[in-house]
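Asks: got a predicted structure plus its sequence, pasted below:
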Amino acid sequence: MLFQDVTFWILSVMAIGGALGVVMVPDLFRAALLLIVVFIAVAGFFILLSAEFLAVVQVLIYVGAIAILIIFAVMLTRDVQRGNLPNRLQLPAAVFAALLLAALVTVAVDTKWEFLPADQQARVDLVQTNSVTTLTGGVLTEQGVTSDEDQAEVQEAGLADLLISDYVLPFEAVSVLLLAALIGALVLVRPSSGTGRD
Amino acid sequence: MNCVLGPDNILYDTLLFRVIYDGVGNVLPCWLSYVVAGIAMMMILVNGVLLGAGLFSWVERRLIGRFHNRIGPNRWGPFGSLQPLADLVKLLVKEDLTPRGADRIVFTIVPVAMLAPVVLVMAVVPFAKDTALANLNVGVLYILAVTSITSIAIFMAGWASDNRYAMFGASRGVAVLISYEVPVVMSLLGVVLVAGSMSLNDIISAQTIPFLLVQPLAFFVFFAGTSAELNRTPFDLAEAESEIIAGYHIEYSGVKFALIQAAEFGAVLTSSAVMVTLFLSGWSGPASNYLGWAWFLMKIGVLAFIFSWIRATFPRLRIDQLLAFAWKFLLPLSIINLFATALEVYFLRDGAGNLDTSDLWIMAGINFGVAFACLLVFGTLIKEKVRPAGPVTGATLTPGEAD
């Protein structure tokens, strides 16, 4: 378990250091790159938890798509080197961030992680008891989660089933939201008809 | 033999890893032999990719020489085969320049960030029986995720170089990458549907007949999309020499330039390897238990040859033609392919959700018909669409030439 511990601490330093860098570094472009470091560190955490699917999707979506989007946005910003100067919204932002952090921590600690089938619950319990270490298949087998299929089910099929059964409404709502954002962006950048460009 | 790798370990399927692990495990403690075996595998992988890139750079220059009716590098070694070594030495002794206005840290990370995805892709590709470094159950997604890092690296290069041509090249490169990512992913979904798995090992064992026959349209889209993502002629707008000199790597010299070039040549080989695995049934072939690696290398060679052939044949596309090709041609084709494949799988599969060889042959027949019809229809349509919108100065391609 030594390796998992060491990896966990390395990833934690990467994630927290990167996150601090995103906020502190004045150069916006470097901040965006540090954000990518954070994303990759989070993907590493997923791998430590034997959730390869989530790790891969994390890299695919956050590094491959969202980071590119952010970098494009940075390119459209004035004065990238100095970044954003602080303004009078500092205090409200701090309060809001603190509230958000409190809410997230509360939810994470307070949630009863019991929506999994009973045989897979063993896995979650194990994660919570050995919060730092990784589960190998061996430990899972001891706890009654047997075949490879079962272990794989926890991630991909479970997620997919939930997305198109219980959570189909939020799922569809998100896609409509994205579509609306897309059309909105198009409307904003489109030159008004008749006048032509500029 | 005191160290035994459990069958649950992700590296258990890798025969070579287990051999090294067991061998070293006789002398060293288990955790250390795990590290040693891992590093040994990585050395093999990285050096394999880099050596392959060097060799391919010579092969491609010779080939393009033949296509252009000239000789190509032929001075050092038999048929000039030591030319990559000479190039390497030349690049290593060159001065390593950094522009004054450059963002030094980012500028230095770029060559590594470009080479890393190329090598990482090979980690999941099985190059013979039981030899993939990691048999991930999400192998296809992993490949897509890792290759998406390339666009960040290109952007970093363009931004950090403090050069307008580099920035132009990077913008073009990223525009191409994110456009072509969509049809490439859609075409892979067809393969995943037929194979019923995203693990590359499962996809190979599902190919009782090569998926090139079952998914011809997907192969075409994937091939075209990949050669665009590799920034190769006719899609090399991001580094068009005649327009923006060398695009995003204009300011790179010496070792860094060598690494970027190695990444570009290596990427051709790794994409060929991925295509071989997904569409040409990977290492399988006659006597594949022993000659799997030979089949694998031979198939890669054929695809790499086709890449060079395309590069030597077609003229460069304009940016609007390039993007129209992705959005108006490849994307509809890949959606049609996905739809047709989904229907076929839905109707042909048996109770357990499996497809047998005769089902695959039926799909091959239908899909070839679909592919032919689609290429005919969309090929005619895009000729109408891609014509220049207004007066264009200078030499331009007519769409007929660009096809």
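Replies: It's in.

Asks: show me where pLDDT drops low in the chain?
Replies: As the question left the chain open, I've gone with chain A. By pLDDT under 70, the low-scoring segments of chain A are A:1, A:77-86, A:113-159, A:192-198.

Asks: my bad, chain B
Replies: B:1-15, B:240, B:351, B:353, B:384-403.

Asks: longest helix of it?
Replies: helix B:30-67 (DSSP state H).

Asks: quickly check: that helix near chain A or not.
Replies: Yes: Helix B:30-67 reaches chain A (CB under 8 Å from any CB of the partner chain) through B:W31. C-beta: built from backbone N, CA, C; applies to glycine.

Asks: which neighbouring elements make contact with that helix?
Replies: helix B:15-25, helix B:83-93, helix B:104-121, helix B:254-279, helix B:288-313 (3 or more CB pairs under 8 Å, 6 or more residues apart in numbering or on different chains; DSSP states H and E).

Asks: point out the most buried one among those helices.
Replies: helix B:254-279 (a mean of 23; mean count of other CB atoms under 10 Å in any protein chain shown).

Asks: tilt between that helix and helix B:30-67?
Replies: Between helix B:254-279 and helix B:30-67, the angle comes out at 90 degrees (axes from the mean of the first three to the mean of the last three CA atoms, to 10 degrees).

Asks: got the angle between helix B:254-279 and helix B:83-93?
Replies: Going by the same axes, to 10 degrees, helix B:254-279 makes 140 degrees with helix B:83-93.

Asks: what's helix B:254-279 packed up against?
Replies: Against helix B:254-279 (3+ CB pairs under 8 Å, 6+ apart) you get helix B:30-67, helix B:83-93, helix B:104-121, helix B:164-195, helix B:200-206, helix B:211-214, helix B:216-229, helix B:288-313.

Asks: let's see that with 6 Å instead.
Replies: helix B:30-67, helix B:104-121, helix B:288-313 (3 or more CB pairs under 6 Å, 6 or more residues apart in numbering or on different chains; DSSP states H and E).

Asks: grab the nearest non-local neighbour of B:P234.
Replies: Once flanking residues are discounted, B:P234 sits nearest to B:F314: 3.8 Å by CB to CB, 6 or more residues apart in numbering or on different chains.

Asks: how many neighbours does the one you found have?
Replies: By other CB atoms under 10 Å in any protein chain shown, the residues close to B:F314 number 17.

Asks: and it, backbone torsions?
Replies: phi -90, psi 150 (degrees, to the nearest 10).

Asks: that one is in contact with B:F235, isn't it?
Replies: No: here B:F314 does not reach B:F235: they are 9.0 Å apart, not a contact under CB atoms under 6 Å.

Asks: span of stretch B:76-86 from start to end?
Replies: Start-to-end span of stretch B:76-86 (CA to CA, to the nearest Å) is 8 Å.

Asks: and for it, what's in contact with it?
Replies: B:54, B:57-58, B:73-74 (CB atoms under 6 Å, 6 or more residues apart in numbering or on different chains).

Asks: quick one: distance of it to the chain centre.
Replies: 25 Å (CA atoms, centre = their mean, to the nearest Å).

Asks: apart from its neighbours in sequence, what residue is nearest the residue in the stretch 101-250 of chain B positioned nearest to chain A?
Replies: Chain A sits closest to B:S148 of the stretch 101-250 of chain B, with a gap of 2.8 Å, by CB to the nearest CB. Among residues not flanking B:S148 along the chain, A:G64 sits closest, at 2.8 Å (CB to CB, 6+ apart).

Asks: with B:V345 instead?
Replies: With CB to CB, 6+ apart, the residue lying closest to B:V345 is B:L193, at 5.3 Å.

Asks: measure that neighbour to B:A342 for me?
Replies: 6 Å (CB to CB, to the nearest Å).

Asks: between the two, which one's more packed in?
Replies: Ranked by neighbour count (other CB under 10 Å), B:L193 and B:A342 place B:L193 first, with 17 against 14.

Asks: now name the helix or strand holding A:L182.
Replies: Assigned by DSSP states H and E, A:L182 falls within helix A:168-189.

Asks: quick one: contacts of that helix?
Replies: Residues contacting helix A:168-189 (CB under 6 Å, 6+ apart): A:L163.

Asks: and it, C-alpha only, in CSV?
Replies: Taking Å, rounded to 0.1, in the frame of the first residue of the first chain, the C-alpha atoms of helix A:168-189 are listed here in CSV:
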residue,chain,number,x,y,z
VAL,A,168,-32.8,11.2,-17.7
LEU,A,169,-34.6,14.5,-17.0
PRO,A,170,-31.5,16.4,-15.7
PHE,A,171,-29.5,14.8,-18.4
GLU,A,172,-31.8,16.1,-21.1
ALA,A,173,-32.1,19.4,-19.4
VAL,A,174,-28.3,19.8,-19.5
SER,A,175,-28.2,19.1,-23.2
VAL,A,176,-30.9,21.6,-23.9
LEU,A,177,-29.0,24.1,-21.8
LEU,A,178,-25.8,23.5,-23.8
LEU,A,179,-27.8,23.9,-27.0
ALA,A,180,-29.2,27.2,-25.8
ALA,A,181,-25.7,28.4,-24.8
LEU,A,182,-24.5,27.4,-28.3
ILE,A,183,-27.2,29.2,-30.1
GLY,A,184,-26.8,32.2,-27.8
ALA,A,185,-23.1,32.4,-28.6
LEU,A,186,-23.9,32.3,-32.3
VAL,A,187,-26.5,35.1,-32.0
LEU,A,188,-24.0,37.2,-30.0
VAL,A,189,-21.1,37.0,-32.5
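
Asks: give the buried residues for that helix.
Replies: Judged by neighbour count (16 or more other CB atoms under 10 Å in any protein chain shown), helix A:168-189 contains no buried residues.

Asks: now do the contacts for A:M24.
Replies: With CB under 6 Å, 6+ apart, A:M24 has no contacts at all.

Asks: swap in B:V110?
Replies: B:153, B:156-157.

Asks: select from these the one having the most neighbours.
Replies: Taking other CB under 10 Å as the neighbour criterion, B:A157 ranks highest of the contacts of B:V110 with 30 neighbours.
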